[in-house]
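**Student:** fold the following, please.
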Amino acid sequence: MAPDLVRALKLFEEACAGGDINGCARAAPMYEQAQGTPRDMPHALAAYKKACDGGHQASCYRYGHHQRLGEHLTRDPAQGVQRMQQACDASVGEACFELARMYDNAEGVARDLQHALALYKQGCAAGLEQACVKSRYR
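**Tutor:** You can find the predicted model right below:
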């Protein structure tokens with residue numbers, strides 16, 4: 001493992017343990033993507049949840065995504081969608097895009113093409129190019 005990644009993860013963990021939600025938000029994807037540590041989804045999800053509970057909306061999106069699918073934690077689609085919507089409302093484009101795709105394709109929610117289009121547009125406004133492309137073709 002790259003020593004810089006190991007050191008960075010250690011610093012993020014210390015910050016998270018000290019209550020810094022940004023430390024939690026930075027550590028979580030490192031655990032999820034095996035950067036500076038072997039992949040550790042329980043630690044990743046705990047860090048995403050702590051950051052989300054502290055108001056870090058991109059972490060709410062990631063935690064909601066896993067919660068909706070039941071990946072490495074109890075499946076709760078309704079709560080997952082709620083967390084993802086919260087992140088979308090805070091201009092996390094990826095959350096808007098994933099929600100739009102869900103409504104577009106009836107993945108765990110009732111199909112609603114109008115709502116899907118609104119979410120694609122919201123994701124586009126947040127700066128996510130793929131949401132802009134989808135919103136032009138709806």
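**Student:** per-residue confidence at the closest residue to residue 70 other than its chain neighbours?
**Tutor:** Using CB to CB, 6 or more residues apart in numbering and skipping residues adjacent in sequence, the residue nearest residue 70 is residue 76, 7.7 Å away. Heads up, the C-betas are built off the backbone N, CA and C, glycines and all. You'll see residue 76 listed with a pLDDT of 92.
**Student:** residue 76 contacts residue 65, doesn't it?
**Tutor:** No. Counting by CB atoms under 8 Å, residue 76 stays clear of residue 65, with 11.9 Å between them.
**Student:** neighbour count winner among those two?
**Tutor:** A direct count of neighbours by other CB atoms under 10 Å for residue 76 and residue 65 places residue 65 higher, at 19 against 15.
**Student:** now residue 66, what's its secondary structure?
**Tutor:** helix (DSSP: H, G, I helix; E, B strand; the rest coil).
**Student:** surely it meets residue 76?
**Tutor:** No. Residue 66 is beyond contact range of residue 76, at 10.1 Å (criterion: CB under 8 Å).
**Student:** re earlier: contacting residues for the residue nearest to residue 70?
**Tutor:** By CB atoms under 8 Å, 6 or more residues apart in numbering, residue 76 lies in contact with 67-68, 70.
**Student:** before we move on, what's the pLDDT of residue 92?
**Tutor:** At residue 92, pLDDT is 98.
**Student:** need the contact list for it.
**Tutor:** Contacts of residue 92 (CB under 8 Å, 6+ apart): 57-58, 60-61, 126.
**Student:** backbone torsions only: list them for it.
**Tutor:** phi -90, psi 100 (degrees, to the nearest 10).
**Student:** domain assignment for the protein?
**Tutor:** Domain segmentation of the chain under automatic domain parsing yields 1-80, 91-138.
**Student:** so which of the contacts of residue 76 would you say is closest to residue 8?
**Tutor:** residue 67 (26.5 Å; CB to CB).
**Student:** wait, doesn't the closest one sit right on residue 82?
**Tutor:** No. Using CB under 8 Å, residue 67 is not in contact with residue 82, being 9.1 Å away.
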